[in-house]
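**Student:** Prediction below, plus the sequence it came from.
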Amino acid sequence: MENVGIYTPPEQKPASEAVISDTYTPQMTTSDLEVTESAQHKLAEIVSQSEDEVAGIRIYVGGGGCGGMSYGMTFTDQISDFDMVQQFDGFKVLVDVVAMNYLRGAQIDYIQEVGRERFVFNNVFAETGGSGVCGGCGAAGGGCA
């Protein structure tokens, strides 16, 4: 049999030199995620009262279902290479690039009502759609089998 040739794989960069994306930027803007002034004040207050080392407040997105995606916040002591960061007076907000796909264009607000204070996520999932409720589930008046 005749030697047809020897396969030579394309040259690859070592993992340490790999580029995630030419357009990735770790800085987050208010068009990515807006944190209202009232939310900023409350978050700065909470961080200042923490006895733990806090690198930032991580915004996360939980799996969806009939009720839609769930959104929350927690303290973190680490900033990863995949976090987008927004600096505020007294704290940082961190969102990993996957969660940002579900949060882009959202607003975090802090609401004080009689007997109830809470953070709310407004306009979440606005750019990609998603109503947060499906018709086949008991939560929407249907019936899950």
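**Tutor:** On my side now, so go ahead.
**Student:** Relative to residue 63, how far out is the closest residue in space to residue 91 that isn't next to it in sequence?
**Tutor:** Leaving aside its sequence neighbours, residue 91 sits nearest to residue 47 (C-beta to C-beta, 6 or more residues apart in numbering; 4.4 Å). Any C-beta I mention is one placed from the backbone N, CA and C, and that applies to glycine too. Taking C-beta to C-beta, to the nearest Å as the measure, residue 47 falls 27 Å from residue 63.
**Student:** what's the answer for residue 101, then?
**Tutor:** 14 Å.
**Student:** Mind listing residues that contact the longest helix along the chain?
**Tutor:** In the chain, with assignment by DSSP state H, the single longest helix is helix 37-49. Outside helix 37-49, the residues that touch it by C-beta atoms under 8 Å, 6 or more residues apart in numbering are 35, 54, 57, 75, 88-91, 93, 108-112, 119.
**Student:** Specify the next element, helix or strand, located C-terminal of it.
**Tutor:** Once the chain leaves helix 37-49, the next helix or strand it forms, by DSSP states H and E, is strand 56-62.
**Student:** And the strands in the chain?
**Tutor:** Under the criterion DSSP state E, strands of the chain are mapped to 33-35, 56-62, 70-76, 83-88, 91-96, 106-113, 116-122.
**Student:** Adding mean pLDDT and distance to residue 43, write these out as CSV.
**Tutor:** Formatted as CSV, the strands of the chain follow (pLDDT from 0 to 100; distance: least, C-beta to C-beta, whole Å):
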stretch, mean pLDDT, distance to residue 43
strand 33-35, 95, 7
strand 56-62, 93, 6
strand 70-76, 92, 8
strand 83-88, 94, 7
strand 91-96, 95, 6
strand 106-113, 94, 8
strand 116-122, 93, 8
